[in-house]
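Here is the input, now give the coordinates:
(chains A and B, ligands or ions: 3)
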Amino acid sequence: MSAEIQVPAGAPAHAASARFETWLWIAQRASAVVLALCVLVHLVTIIYAVRHGLTGAAILGRTRGNTAALAFYALYVLAIAVHAPIGLRTLCQEWLGWRAASLNWLIGALALALFVFGLRAGWAVFLG
Amino acid sequence: MDMLKVSVWRGAASGEYRSYEVPRQESQSVLDVVTYIQRSIDPTLSYRFACRVGMCGACAMTVNGVARWTCRTHVAKVAKNNTLQIAPLANLPVIKDLVTDMREFFDKWARARGQFVSGAGTTRKDDFARVAADSPERVAANAGIECIGCGVCYASCDVVSWNPDYLGPAALNRAWTLVNDVRDGARAERLAAVAGDAGCHACHTHLDCSERCPKNIAPTASIAGLKRAVMLAALKGEL
Ligand code: SF4
Ligand code: SF4
Ligand code: FES
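Ligands and ions are numbered 1, 2, ... in the order given. Alright, predicted model coming up:
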C-alpha cells in the first residue's frame, strides 16, 4: 500500500509555514517563563524601593555601573520584545483577520523597537 | 395534554424561526420532537439522523443555544418552561432547516491527515501488530478514539468562528489518536499538517469542545498533546 494520502484541496496557504508558526509558539512560551520570573523580581524591587522610601537618586546610585542589574533588565527587555509582538500578531490574525505578510513585518519592527527602546532605558539607568 | 412550544429554524443562511406545538411525552428526546413535527405537522421540515442511539453522529443540532446530539438529549433536561428552540449547528453552512453541510468539517479531518497510513515496509502478509493495552500510547489513543464525528465540538468552538481555516477540535483529536498509533507511518507529515495557526497552535484552551462533547472526549487534551509533540519535533529538527 502506498503512503500517499489524499488531501482535499483548499488547505490554507499559511498552513505551509508550520515550522515558522511552531517556533513562534515555542518562543512565546519560553519568553513567558522568563517573564514570569522577571516580573516577580521587578515587582519585589519596586515594593522594596517604595517601602524603604528610596529616592530616585538613591536608586540610580545603586544601579549605576551595576552589571547584574543591566544584565537582568536586558533579559527582561528581550523577553518582552519576543513575547508581546507574537501575542499581538495572534490578536491581529484572529480579531482583524489580518494574515498577510505585511503583518509579520510590522510585528518584527515592533519587536525591534521594543528591544531598542527598552535597552536604551536600561542603559541610561546603568550610566545613571 | 401538556404541550411543548418549539421554535424551529426554517430556511438556509437566511430564514426564520417557526413555532410548533408538540405533545409532551415521557422520556421524550429532542429528536423525537423534531420527528413529530415532520411526521405530524409539516413534512417539509428537513433534518438528519440515522441510528437514534448515539452512535452515528448525524443528529447534532443547536438546542436552546447549545450544540447537542438530539437523539440522546432528553427534553426534560433542556426545555425551559416547556419551550425549546432548535437550530442547525453553528460554524457550518446551512443547507436547509436543521441540515448543515458537513463537507468542510470532514475535509479538515483529511487535511489534518486523519487517515491511517501503514508504516514503511509493512505488507498485508505481516502478522497483527501487538499493542499492549496499558502502553501510554494506547491509553492516549483510547481517550480520543470513540469520536462519532457529530460536529458538536466544532460548532461550539469560538476559534472556528474567528478563523474559518482552523482545523477544529474533532480533526485535531483524530490526528492525536493516530500520532499515538505505534503502527502509523506518517507521523512527521501529520505533525506538520496540524502545526501552525490553522492547527493546534490556534487553540485557546477554552474547553468548550471538551465540555460539550457527548462522548466525553477531551479534544482540548488531545490538542495539548499535539502541541507537545509538535514542539518536540521542532526541537529535534524533524518538523
Ligand atoms: S479547547 Fe480549543 S478546540 Fe476546544 S473549543 Fe476551545 S479553542 Fe476550540
Ligand atoms: S470529539 Fe466529541 S463532539 Fe467532537 S465530533 Fe467527536 S464525538 Fe462529536
Ligand atoms: S441519530 Fe445517531 S447519534 Fe443521534
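
helices and strands of chain B: which one bottoms out on pLDDT?
When the helices and strands of chain B are scored by mean pLDDT, DSSP states H and E, helix B:158-162 comes last with a mean of 93.

hmm, that helix in reach of ligand 2?
No. Judged by CB under 6 Å from any ligand atom, helix B:158-162 makes no contact with ligand 2; its nearest approach is 11.5 Å. (Each C-beta comes from the backbone N, C-alpha and C, glycine too.)

So which elements touch the next helix or strand after that helix?
Heading C-terminal from helix B:158-162, the first helix or strand you meet, by DSSP states H and E, is helix B:169-179. The contact analysis (3 or more CB pairs under 8 Å, 6 or more residues apart in numbering or on different chains; DSSP states H and E) places helix B:169-179 against helix B:103-111, helix B:136-144, helix B:152-156, helix B:187-194, helix B:208-212, helix B:219-235.

among these, which is the most enclosed?
Highest mean neighbour count among the helices and strands packed on helix B:169-179 (mean count of other CB atoms under 10 Å in any protein chain shown): helix B:152-156, with a mean of 27.

How about that helix and ligand 2, touching?
Yes. Among the residues of helix B:152-156, B:152-153 lie within reach of ligand 2 under CB under 6 Å from any ligand atom.

Please name every helix or strand in contact with that helix.
Checked by 3+ CB pairs under 8 Å, 6+ apart, helix B:152-156 has strand B:60-63, strand B:66-69, helix B:169-179, helix B:208-212 packed alongside it.

Kindly reformat these as a markdown table containing distance to B:Arg113 and mean pLDDT.
Listed next are the helices and strands packed on helix B:152-156 as a markdown table, based on distance: least, CB to CB, whole Å; pLDDT from 0 to 100:
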| stretch | distance to B:Arg113 | mean pLDDT |
| --- | --- | --- |
| strand B:60-63 | 24 | 98 |
| strand B:66-69 | 25 | 98 |
| helix B:169-179 | 6 | 98 |
| helix B:208-212 | 20 | 97 |
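
between the ones you listed, which gets nearest to ligand 3?
Taking CB to the nearest ligand atom, strand B:66-69 is the member of the helices and strands packed on helix B:152-156 nearest to ligand 3, at 4.9 Å.

For that closest one, give me every contacting residue.
The contact list for strand B:66-69 (CB atoms under 8 Å, 6 or more residues apart in numbering or on different chains) reads B:30, B:54, B:57, B:59-62, B:78, B:89-90, B:148, B:150-153, B:155-156, B:212, B:214.

Number of residues surrounding residue 38?
This is for chain A. Close neighbours of A:Cys38, defined as other CB atoms under 10 Å in any protein chain shown, add up to 19.

I was thinking of chain B, sorry if that wasn't clear
B:Gln38, neighbours per other CB under 10 Å, totals 16.

thought it was touching B:Asp32?
No. Look at B:Gln38 against B:Asp32 with CB atoms under 8 Å: they stay out of range, at 11.0 Å.

interface residues of chain B facing chain A?
B:107, B:110-111, B:113, B:115, B:117-118, B:120, B:124, B:159, B:162-163, B:165, B:185-186, B:189, B:192-193, B:195-199, B:201-202, B:227, B:230-231, B:234-235, B:239 (CB under 8 Å from any CB of the partner chain).

so what's A:Leu96 up against?
Applying CB under 8 Å, 6+ apart, no residues qualify as near A:Leu96.

Confirm that B:Gln25 lies within a strand, as I assumed.
No. Counting by DSSP: H, G, I helix; E, B strand; the rest coil, B:Gln25 is not found in a strand; it is coil.
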